[in-house]
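Fold the following for me, if possible:
(2 chains)
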Amino acid sequence: MTEAVFREFPDQSRTHSVPLSHVSLEMGHLYAEDFAHEAARLRAHFAEAGPWVDAVAVSAARATGGRRPRVSTCFLVDDYFAPFSSPADVVPALIGEAERAGLRIDYLVRESGLAEADGFPLARSVAGRLVESPPPGSNGVRPAAAETGWLANGRRSPASGPHADPSAPSGWHPPHETAARRHSVFLDAELWDGQGAGRTFSCAFLAAVWQLLRLGLLRHHGLPVLRPHPWDGSLPGTWEELPVVLQLNPKAAPFAAYRTCSLLPSGYLPVEHAVQVILEQIQVEAEALHQVAERSAAEGVHLPDSVAERASYIFYPGP
Amino acid sequence: MVLLGGEVRTRLLPTARPLRAAETARLLELRPDEPVHVSARPNAHALSPPRPVGVDCALPTPDGTRVRAVGTVLSQASVTGGRVVQAHARTGATAAGPDGRRPWGHYLTRPGVVEPLGKLPEGAVARGFLAGGGPGELDLGLIAQRLLTEVLRHPLPDRQEPLPTPRTRLRWVALWAADAEAPRLERFTIEGDELRTARLRLPYDAPPDAVAAFCADLALHDWLLTTLIAVLEEHPPGAPPEAGSGRVLRWVVDQLLHLWMPGVRLDERLAPLWHALERTPGFTCQWQALAQHVRDRTPRPVRCRWTNESEAGEACGRRAGYPK
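Model prediction:
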């Protein structure tokens, strides 16, 4: 076919690429209660983290065939659920305690930016990409997670589900995990509560957005979202004034990566199970996925097709 | 894929005036991170990004053949001329699939494709798509209707039905065939007041998106023609002035006649499909005759050097028994 002579908005559908490391290592989450214990909790966390950070680098080198892997480290601060203190107080303590343990935080990220930043509703746009895994018998007309705010990994028990089938016989029926291996591990995750502007996203949903951001798979109209902002050394009095992704280390490897690894206390296990269930049901933009596949193949790095399988975890004992 | 099936639902936007481009774009923002394709030439047209819907159910078959399929249906909405809204649901089926369901991620990377468990009974499923889904079977019409309802739930300026107009459904199926050199519209049937069916045969290089776009275009023009026929039936020549025929015909001239542009966004490879319709039943031929008829009967503003526009309009209204 000959190329069209006339075009309107030819650049509308172009997808831009992002630089990629081999691994994006999350060295921790910081919540208000962690900081309430001041430096002691941070110190204990980084002491716990140290050996694992080394292990991740060694493991990443296996995948690159001995070449020095590009590993970037990041740290997430919760300013969404319970904003606390200020960057001027928290950031120097964070950097100091990490350095004390011989670690370096390359990127500092604010959790509220995963919900909305610079007027762009990131979490809402990821919610728009949910394509639910249909339990057998689904013909596409059941209420979608986008309406209910709940996402499951299978068929809900009709006796307890929020959308119980009125034609089902009374009495209890077990839920069923669609991809169960003989026995089910059924999970139903709350993605948000509240409506419209009053919607609050759940920790699990924001953590799924966080994984997609670190995997370099989020775009808005083809453009990468939340690009790292180089740090000029200044620290504002409020979190809102701080860029969402702040690059603390000017020599850091790229923020986004082929794979992610998150170093978390084992208390996060249920949340991260929900994150896996969410990631398995998000249809990532095809071109963004294709770019990552092409680049990793060119470097000889094997990547699973499943986005959820690109996220790995190290759970150390802790709440 | 060996066959594609779809259903398009078409209706008038329930607004007093046509929507502006920016309003249309907001209406069709199904995915905040993907742009609505808004086009101003050769007419105003906006197309939402496609949204996949997961399904795992029996494919429709009229003869009771049971075939379970897993995958996604693409649903997509469009607005033409700020006036006519369409919701489309479509999917393509592969000739065969594994005996068991694969991990969901496999289907997510193939939007708009369903894979049967086992072998696809191609003929039965093709007939099933045209007959519509039975209980528990894949029902593309319901998915399209769900999207239409969702789109119309958005706040609209001056929500009102300007005119009672038809709501049409076009069910279509397209089969790829080794012997097909050019795309062919095998059959287009007016099944009733609302339902139409179309059966196409395609060469292997026919892109599914373009085929779906042709079917939406066919549904749009069939709706325009159906609407014009209905209006003229409701307002025949010699209708009493209180029937408001002058006002209705004026509305049709102002709001609908310019929307007739069959095939303007069509992939060139599919051009033969429209040619067939132009020969029989002669879509454009009928449209032009009816449109001319409407124009001839529509009261025109009186051109008078001494009156301003609004007076001209009133004069015109009075002359034609324009209801106040």
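
near chain B at all, stretch A:258-267?
No: Stretch A:258-267 stays out of contact with chain B when judged by Cβ under 8 Å from any Cβ of the partner chain, the minimum separation being 15.6 Å. Every C-beta, even on glycine, is put in place using the N, C-alpha and C of the backbone.

Now find how far off-centre that stretch is within its chain.
10 Å (Cα atoms, centre = their mean, to the nearest Å).

And that stretch, what's buried?
Across stretch A:258-267, burial judged by 16 or more other Cβ atoms under 10 Å in any protein chain shown covers A:Y258, A:R259, A:T260, A:C261, A:S262, A:L263, A:L264.

how about the residues you listed in CSV, adding secondary structure and pLDDT?
What follows is those, written out as CSV (DSSP: H, G, I helix; E, B strand; the rest coil; pLDDT from 0 to 100):
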residue, secondary structure, pLDDT
A:Y258, strand, 97
A:R259, strand, 97
A:T260, strand, 98
A:C261, strand, 97
A:S262, strand, 97
A:L263, strand, 94
A:L264, strand, 92
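
In the chain, what helix or strand scores lowest on average pLDDT?
Picked chain A for this. Ranked by mean pLDDT, DSSP states H and E, the helix or strand of chain A with the weakest confidence is helix A:32-36, at a mean of 70.

my bad, chain B
Evaluated with mean pLDDT, DSSP H and E, the helix-and-strand set of chain B has its lowest mean pLDDT in helix B:309-319, which scores a mean of 39.

before we move on, back to that, closest one of the buried residues of stretch A:258-267 to A:D78?
Distances from A:D78 to the buried residues of stretch A:258-267, taken as Cβ to Cβ, are shortest for A:L264 (13.1 Å).

A:R124 sits in which helix or strand?
For A:R124, the host element (DSSP states H and E) is helix A:122-127.

got the CA positions of that helix in PDB?
The C-alpha trace of helix A:122-127 is given here as PDB (Å, rounded to 0.1, in the frame of the first residue of the first chain):
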ATOM      1  CA  LEU A 122      -0.900   7.900  37.100                       C
ATOM      2  CA  ALA A 123      -2.700   5.400  39.300                       C
ATOM      3  CA  ARG A 124      -6.000   6.100  37.500                       C
ATOM      4  CA  SER A 125      -4.400   5.600  34.200                       C
ATOM      5  CA  VAL A 126      -2.900   2.300  35.300                       C
ATOM      6  CA  ALA A 127      -6.400   1.300  36.500                       C
END
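
Contact partners for the spatially closest residue to A:R67 that is not a sequence neighbour?
Computed as Cβ to Cβ, 6 or more residues apart in numbering or on different chains, the closest residue to A:R67 that is not its neighbour in sequence is A:A61, at 7.5 Å. The neighbourhood of A:A61, defined by Cβ atoms under 8 Å, 6 or more residues apart in numbering or on different chains, consists of A:R67, A:R68, A:P69.

Buried among those? Make that a PyMOL selection.
Once 16+ other Cβ under 10 Å is used to decide burial, the buried members of these can be selected in PyMOL as follows:
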select buried, chain A and resi 69
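
Out of the contacts of A:A61, which sit inside strands?
With strands identified by DSSP state E, none of the entries of the contacts of A:A61 belong to them.

From the contacts of A:A61, pick the one nearest chain B.
Out of the contacts of A:A61, the one with the shortest distance to chain B is A:P69. That distance is 25.1 Å, counting by Cβ to the nearest Cβ.

List the residues that contact the spatially closest residue to B:V55 that is not a sequence neighbour.
The shortest distance from B:V55 to any residue other than its chain neighbours is 4.6 Å, reached at A:G140 (Cβ to Cβ, 6+ apart). Residues counted as contacts of A:G140 (Cβ under 8 Å, 6+ apart) are A:P134, B:V53, B:G54, B:V55, B:C57, B:V73, B:A89, B:L138, B:D139, B:L142, B:I143, B:R146.

you'd agree the first one is in a strand?
Meaning A:P134. No: secondary structure of A:P134, determined by DSSP: H, G, I helix; E, B strand; the rest coil: coil, with no strand assignment.

can you give me the helices in the chain?
Using chain A. Shown for chain A, the helices assigned by DSSP state H span residues A:32-36, A:39-63, A:87-100, A:112-115, A:122-127, A:145-148, A:203-214, A:269-279, A:286-298.

wait, I meant chain B there
B:21-27, B:104-108, B:122-131, B:140-152, B:208-234, B:245-255, B:271-279, B:283-297, B:309-319.

closest one to A:A293 among the ones you listed?
A:A293 sits nearest to helix B:104-108 of all those, at 13.1 Å, using Cβ to Cβ.

hang on, isn't A:A144 packed against A:E132?
Yes: checked against Cβ atoms under 8 Å, the pair A:A144 and A:E132 is within contact range at 6.5 Å.

neighbour-wise, which of those two wins?
When neighbours are counted by other Cβ atoms under 10 Å in any protein chain shown, A:E132 comes out ahead of the other of A:A144 and A:E132, with 21 against 17.

how near is the more buried one to chain B?
Here A:E132 is placed at a distance of 5 Å from chain B (Cβ to the nearest Cβ, to the nearest Å).

What does the pLDDT read for that residue?
A:E132 carries a pLDDT value of 95.

is it true that it touches A:Q281?
Yes: counting by Cβ under 8 Å, A:E132 sits close enough to A:Q281 to count as a contact (5.4 Å).

what lines up beside the lengthiest strand in chain B in the sheet?
Taking residue count as the measure and DSSP E as the definition, the longest strand of chain B comes out as strand B:68-80. In the sheet containing strand B:68-80, its partner strands are strand B:45-47 (antiparallel), strand B:51-58 (antiparallel), strand B:84-93 (antiparallel), strand B:113-116 (antiparallel), by DSSP bridges.
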